[in-house]
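Peer 1: Next input, structure requested:
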Amino acid sequence: MTGEKSRTLRRKIVVIFLLIGLVPLFAASVPSFLLSQKALKRAIGLAQRDLAVEVMDKVDREIDNARLLVRNWISIPEILEIVIAGGQRPFEELQMEWHRDGLTSSFGALLLKRLQAITQDRFKEIFVTDTRGYVIAATNKTSDFDQGPDDDPPFGEQWWAAAIRKGEHIGKVSFDQSAEVYSVDINMRIMTSNGRSVGVIKAVYNMENIQNLIGAISKGKTWYYELINRKGLVVGTREAEKERILKEGPSVKIPQPVWKDLSDKNDGVVIGVRTNGKKVLVGWSRGSDNFDGPEWTVLGYLPLEEAYAPLYPQAKWSVAIFLIAFVVILLVSLTLANTVVSEFLHKEVLTQELEVAHDMQMGLLPEAPNIEGLELAGRCITANHVGGDYFNYLWLDAAHTKLAIVIADVAGHDMSAAIPAVMFSGMLEYAVRDGTPGEMLDTLNEVLCRRLRRTPFITCCIGVIDLVHKTLVWSKAGHPGIYHYHSHEDTVVELTMDSYPLGVSSKSRYTTRETGLSVGDLLVFYTDGLVEACNEQEEMYGYDRLAEFVLQMARDSVSSVAGIDKMMAEAHRFIGNQEQGDDIAFVVAKVVR
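Peer 2: Below is the predicted model:
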């Protein structure tokens, strides 16, 4: 924004507020009152919306923190040992112990109780089952011993089956009979380091924490907050109205059900009506979709009569008071104009800086080298101005016979992922030199764990193509596999292995594998941005769909550049008008000679 534009905007803001002040000054009191009422309604409405957003953020953080606690628990070695050992015990022995004391006195139960105590009763009940669904250990005796398919065919109890199938499941608000509280179940699959499922942990999160949060920020009987689920039922409210939970809808009638996610907006302001006919200013905000959690909406209520209370004495003011008000409005308008202009300037500068950062980050991505016998192309689409996906090509010898293809994904996106991605690109020159891809990843992991302790974890895949011997030597660190199209067999194979991301543990070691290449073979390196992308029907793209697309692309005998164009077009086609949730990157290598 130029200096002239900022001055023009400042003048416009001042003039608008002066007009709002001059109309009451020279016009009848009723029109002035209505104009002032409208301006106040908008300002307080926006403030009410912002308060609802703040409350929803607190609720989201509370649930997300509880979820991360449970995820940390399933990585505790003792928990894994307890579940594995319990899974080897016979049904009769476990059931007898459950009938005796609910499996609440074993070593495993004591460990769960210690975890429960550490959270200060944030969880009212915790128990683990084996893959049969039998309870192994519990903090409280459960209402049922068998959660699996034997007792509830064909898949077991819904929460248990969902955790086994998806790895993680967060339930809806319900009244937990075992814990005797309104709760949300946080259920996660327990797995060994080699990816074998051994059981499920269920942590019953106490909704009292959310109730206390809602009650603490409510102000009296008229200015208060409610938490609504997707069905329009109350799941959180003031202490005095807890009996309405899961039985009634909002205490204020709202013209449109904002909790049903019918638009792209996540927050806003509407006018509602109480049962007594009085209008209420409703600020609302929907919960975060950063994880597969409960879909809640916060509604904050403020009666219009309270919002407009400061205006009522205005109708009785004298002309002298109107003149004083005019001076005050003038001063406020000048202050507000400066604030608004400063905010516009700040946003414009920030946008320009982000565009520069985007150009700089894209400049770090290499142009595909011209290689005899190998076609190579890569592309990256960031979800925002900057992102955390990165790829590079590095020659490992002076004769240019061995080419390393590196692709990486820093957790998250935006600037929080872009900065570590830039730092990671600088490390590659140091790490990707000699040795196998696995040894290169070992070196990168050691540097990340030693020097960048607060950096988000990074997934990475390194593939070294030997142009002379026609081989691919590869390794990966928590990254999606490589799709390898075999031209002689007309099949696509996923090259993959289990491994931890970089920066998670300094003890992680990465193995190296080798596969042969033939003329016509196609290699596709990618990040998880497309496979985890959802379309407007909330359908995930998935690995199977990508594998089929790679197979069809290979059969069409397109070049690497054309293949990249097709993959980018496929990404845009599938996502459609849906907001891109994560960065997307691909590298395609085709053996042509």
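
Peer 1: these two touch, right, D498 and S193?
Peer 2: Yes: with contact defined as CB atoms under 8 Å, D498 reaches S193; the gap is 7.4 Å. Every C-beta, even on glycine, is put in place using the N, C-alpha and C of the backbone.

Peer 1: Count the neighbours of the nearest residue to T119 once chain neighbours are set aside for me.
Peer 2: Nearest non-adjacent residue to T119, counting by CB to CB, 6 or more residues apart in numbering: L69, 6.4 Å away. Residues lying near L69 (other CB atoms under 10 Å) number 17.

Peer 1: can you tell me the helix or strand for L69?
Peer 2: Per DSSP states H and E, L69 falls inside helix 29-73.

Peer 1: how far does that helix sit from the chain's center?
Peer 2: Its chain's average C-alpha position is 20 Å from that of helix 29-73, according to CA atoms, centre = their mean, to the nearest Å.

Peer 1: and what of stretch 371-378?
Peer 2: The answer for stretch 371-378 is 36 Å, by CA atoms, centre = their mean.

Peer 1: average pLDDT across whichever helix or strand comes after the helix holding L69?
Peer 2: Next in sequence after helix 29-73, counting helices and strands by DSSP H and E, comes helix 77-87. Confidence for helix 77-87, expressed as mean pLDDT, is 93.

Peer 1: what comes up buried for stretch 574-593?
Peer 2: 574-575, 580, 582-591 (16 or more other CB atoms under 10 Å).

Peer 1: Endpoints of that stretch, how far apart?
Peer 2: 33 Å (CA to CA, to the nearest Å).

Peer 1: Could you give the average pLDDT over it?
Peer 2: 86.

Peer 1: Identify, from the buried residues of stretch 574-593, the entry nearest to F175.
Peer 2: D582 (36.6 Å; CB to CB).

Peer 1: got the contact list for the closest one?
Peer 2: 383, 413, 527-529, 532-533 (CB atoms under 8 Å, 6 or more residues apart in numbering).

Peer 1: Now the buried members of these.
Peer 2: 383, 413, 527-529, 533.

Peer 1: What is the nearest of the residues you listed to I84?
Peer 2: Of these, the one sitting nearest to I84 (CB to CB) turns out to be D528, at 29.3 Å.

Peer 1: Look up how far Q88 lies from the nearest residue in space to that closest one that is not next to it in sequence.
Peer 2: In space, and not counting its chain neighbours, D528 is closest to P480: 5.5 Å by CB to CB, 6+ apart. Distance, P480 to Q88, using CB to CB, to the nearest Å: 34 Å.

Peer 1: give me the number of residues near N370?
Peer 2: 8.

Peer 1: Can you give me the pLDDT of it?
Peer 2: At N370, pLDDT is 90.

Peer 1: what's the answer for S487, then?
Peer 2: S487 is given a pLDDT of 92.

Peer 1: on that earlier part again, most widely separated two among the buried residues of stretch 574-593?
Peer 2: Q580 and V591 (31.5 Å).

Peer 1: which residues in the stretch 51-200 of the chain form helices?
Peer 2: 77-87, 91-101, 107-118, 158-166 (DSSP state H, counting those that start in this stretch).

Peer 1: which one of the ones you listed lies closest to R433?
Peer 2: helix 77-87 (35.3 Å).

Peer 1: S557: what's it in contact with?
Peer 2: Contacts of S557 (CB under 8 Å, 6+ apart): G520.

Peer 1: For it, identify the helix or strand it belongs to.
Peer 2: Per DSSP H and E, there is no helix or strand for S557.

Peer 1: what about it, distance to V592?
Peer 2: In terms of CB to CB, S557 sits 10 Å off from V592.

Peer 1: got it, and R513?
Peer 2: For R513, the distance to V592 - CB to CB - is 24 Å.

Peer 1: which is the next helix or strand following the worst-scoring helix or strand of the chain on mean pLDDT?
Peer 2: Sorting the helices and strands of the chain by mean pLDDT, DSSP states H and E puts helix 319-364 at the bottom, at a mean of 61. Following helix 319-364 in sequence order, the next helix or strand is strand 374-381 (DSSP H and E).

Peer 1: tell me which strands and helices that next one is in contact with?
Peer 2: Strand 374-381 sits against strand 389-395, strand 402-410, helix 560-575, strand 584-591, with contacts defined as 3 or more CB pairs under 8 Å, 6 or more residues apart in numbering; DSSP states H and E.
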